[in-house]
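# after the sequence you'll find the predicted model.
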Amino acid sequence: MRIHFIAIGGAAMHNLALAVAGKQGFQVTGSDDEIFDPALTHLRDAGLLPDKMGWFPERITPDIDAIILGMHAREDNPELVRARELGLKIYSFPEYLYEQTKDKIRIVVGGSHGKTTTTSMILYVLQRLGIEADYMVGAQIEGFERMVRLSDTAQYAVFEGDEYLTSPLDLRSKFLWYKPEIAILTGIAWDHINVFPTFPEYVDTFRKFVGTIGRTLIYYDGDENLRLLASEAEKRIQCVPYHEYEGSVPMEVFGRHNMQNVQAACLACQQIGISPEDFYREISTFTGASNRLEKIGEIRDSQNQVTRVAYKDFAHSPSKLKATINAVRERYPDLKLIACMELHTFSSLMADFLPQYKNCMQEADIALVYFNPKVIEHKRLTPISKEDVAEAFGTKNVEVYTESSAMQQRLNEMNYDHTALLMMSSGTFDGINIKEFASQLLSR
């Protein structure tokens, strides 16, 4: 079977391409106008890297069995136009995942925060217990070769369920395709304002998701919106509330949100016959997913006490930002906390959304916020100023920077004795190697 990927270079798309190429009898090709690492190296190593960057409609031929369309492509993409002219079968990323797993028991984790970590926890425990599963998760997990797996043998499929748009041709949320037997919802905090301009519209896409569940909804009972959705659910759906794990098993992960994630993952695993005892034994050694409160540096004294530590995190939305800062504060109450974040996503750079960040960084001793005005211009958004951002965050500990070099200079001037450093971005602060930079700061 011949499969062609339009926009093969995306994080999820290139991992799906690798998974499909690994199946017997499948031939994979792809195109993109730009591909960066790690996708570039992964595709090259697998022999899937396009020989030239760009869109080439002549590559779209009648012998292609299916097109998989990435969100990065536009509706007028030349290859997509040609595929439609030929009447080829066109799948979105989530639609293809569903087609490949529709005969399996699907577990889907959704929510505005914690879904990557919770999905990773479930997969980690299944692997430790020798239970085979197909999966799609938005981060690299230790012990897993890639972020997507598809097989002919697994009984289960575990997906991270994203509420963002499916494709340029399908403006529904991705997770509406998955039709899970078992679903987790971790919480609802307004995000993706460019797609969901009002909070009720955002909540409504989760309401639609609940309607697709086949058997069980596991939901965080501390969220009033989730309580409402559970109360509205059809009677055929078993609704199981959870709070945070409060047991005595020591964990490598920390923070209130992670303890909630642990409890949600445990309940999902129970739904497929895994005992709580087995779950907690295995999850105790889970250290986290890449870029989710990932420890990137640590220095201890002669008494083995942490004196300097650095973490990186994908946090960018207000709820994620606050939860991540609070988790590090709770973990290291005696250390000075320096928290840096980048306004990088479409929503975070919108003037109308900025007030959602009020007091999000108040638990940090020093808070640095960076944004690049050129990115705002590129996204064709209303310009915002440093003063706008400072006012929106609303606490005196916040310093705002529009030049990455100036922010780096400020960080280089600080004293890191008895300090926890937290770097948060879905980007790179305009080209910083965050791990190397943090390591340099801690060693000063």
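Perfect, thanks for sending it. Predicted model only: the values in this text are computed from it and were never measured.
# list phi and psi for residue 312.
phi -120, psi 150 (degrees, to the nearest 10).
# quick one, what contacts it?
Counting by C-beta atoms under 8 Å, 6 or more residues apart in numbering, residue 312 touches 291, 294, 296, 422, 423, 424, 434, 435, 438. Every residue, glycine included, has its C-beta placed from N, CA and C.
# the fifth one falls within a helix, correct?
No: applying DSSP: H, G, I helix; E, B strand; the rest coil, one finds residue 423 to be strand, outside a helix.
# right, and it touches residue 314 too?
No: Residue 423 is beyond contact range of residue 314, at 10.5 Å (criterion: C-beta atoms under 8 Å).
# and these two? Which one has more around it.
Legend: neighbour count by other C-beta atoms under 10 Å for residue 423 and residue 314, higher for residue 423 (26 against 22).
# so what's that one bridging to?
residue 312, residue 340 (DSSP bridges).
# tell me which of the contacts of residue 312 has the lowest pLDDT.
The member of these with the lowest pLDDT is residue 291, at 83.
# show me what contacts the nearest residue to that residue once chain neighbours are set aside?
Spatial nearest neighbour of residue 291, chain neighbours left out: residue 314 (4.5 Å); criterion: C-beta to C-beta, 6 or more residues apart in numbering. Residue 314 sits next to 116, 139, 291, 292, 320, 424, 425, 426 when contact means C-beta under 8 Å, 6+ apart.
# run a quick neighbour tally on residue 76.
8.
# and for the one 10 residues further on?
Per other C-beta under 10 Å, the neighbour tally for residue 86 reads 13.
# do the same with residue 301
10.
# excluding its backbone neighbours, what's nearest it?
In space, residue 301 is closest to residue 307, 5.1 Å off (C-beta to C-beta, 6+ apart).
# and the pLDDT for residue 168?
89.
# how close does it get to residue 247?
Computed as C-beta to C-beta, to the nearest Å, the residue 168 to residue 247 distance reads 46 Å.
# of these two, who's got more company?
residue 168 (19 against 12).
# show me what contacts the more buried one?
69, 71, 73, 74, 75, 77, 80.
# of those residues, which is the nearest to residue 218?
residue 71 (27.4 Å; C-beta to C-beta).
# just the helices in the stretch 101-250 of the chain please.
115-128, 199-210, 224-232 (DSSP state H, counting those that start in this stretch).
# mind listing what residue 325 touches?
337, 339, 360, 361, 363, 364, 422.
# 10 Å - rerun?
255, 313, 315, 337, 339, 341, 360-364, 367, 422, 424 (C-beta atoms under 10 Å, 6 or more residues apart in numbering).
# return the member of those residues nearest to residue 39.
residue 313 (21.3 Å).
# surely that closest one is in contact with residue 294?
Yes: counting by C-beta atoms under 10 Å, residue 313 touches residue 294, with 7.0 Å between them.
# what sits in contact with each of the two?
In contact with both residue 313 and residue 294: 288, 423, using C-beta under 10 Å, 6+ apart.
# how close does the residue lying closest to residue 294 once chain neighbours are set aside get to residue 403?
Sequence neighbours aside, residue 312 is the residue nearest to residue 294 in space, at 5.3 Å (criterion: C-beta to C-beta, 6+ apart). Going from residue 312 to residue 403 by C-beta to C-beta gives 21 Å.
# swap in residue 429?
Residue 429 is 11 Å from residue 403, by C-beta to C-beta.
# in which helix or strand does the residue of the chain positioned farthest from its centre reside?
Centroid-distance maximum for the chain: residue 302 at 37.4 Å, with C-alpha atoms, centre = their mean. Here residue 302, judged by DSSP states H and E, is contained in no helix and no strand.
# let's have the chain start at 34 instead
Yep, numbering from 34; the last one is residue 335 now.
# show me what contacts it?
Residue 335 touches nothing, counting by C-beta under 10 Å, 6+ apart.
# is it true that the residue nearest to residue 334 touches residue 448?
No: using C-beta under 10 Å as the test, residue 340 is too far from residue 448 to be in contact (11.9 Å).
# where in the protein is pLDDT low?
Low-confidence segments of the chain, defined by pLDDT under 70, are absent.
# domain ranges for it?
35-121, 129-316, 327-475 (automatic domain parsing).
# for residue 153, give its distance to residue 147.
For residue 153, the distance to residue 147 - C-beta to C-beta - is 10 Å.
# next: residue 82.
Residue 82 is 34 Å from residue 147, by C-beta to C-beta.
# equivalent analysis for residue 154, please.
10 Å.
# now for these two: what residues contact both?
291, 294, 297, 298.
# ok, the second one - contacts?
Contacts here follow C-beta under 10 Å, 6+ apart; on that basis residue 294 touches 142, 144, 146-155, 217, 219, 253, 275, 277-278, 286, 288, 316, 319, 325.
# just to revisit the earlier point, tell me the most buried of the helices of the stretch 134-283 of the chain?
helix 148-161 (a mean of 25; mean count of other C-beta atoms under 10 Å).
# which other helices and strands contact it?
Applying 3 or more C-beta pairs under 10 Å, 6 or more residues apart in numbering; DSSP states H and E, we find helix 148-161 packed against strand 138-143, strand 166-169, strand 189-193, strand 215-218, helix 289-304, helix 309-316.
# please repeat the previous calculation with a cut-off of 6 Å.
Judged by 3 or more C-beta pairs under 6 Å, 6 or more residues apart in numbering; DSSP states H and E, the packing partners of helix 148-161 are strand 138-143, strand 189-193, helix 289-304, helix 309-316.
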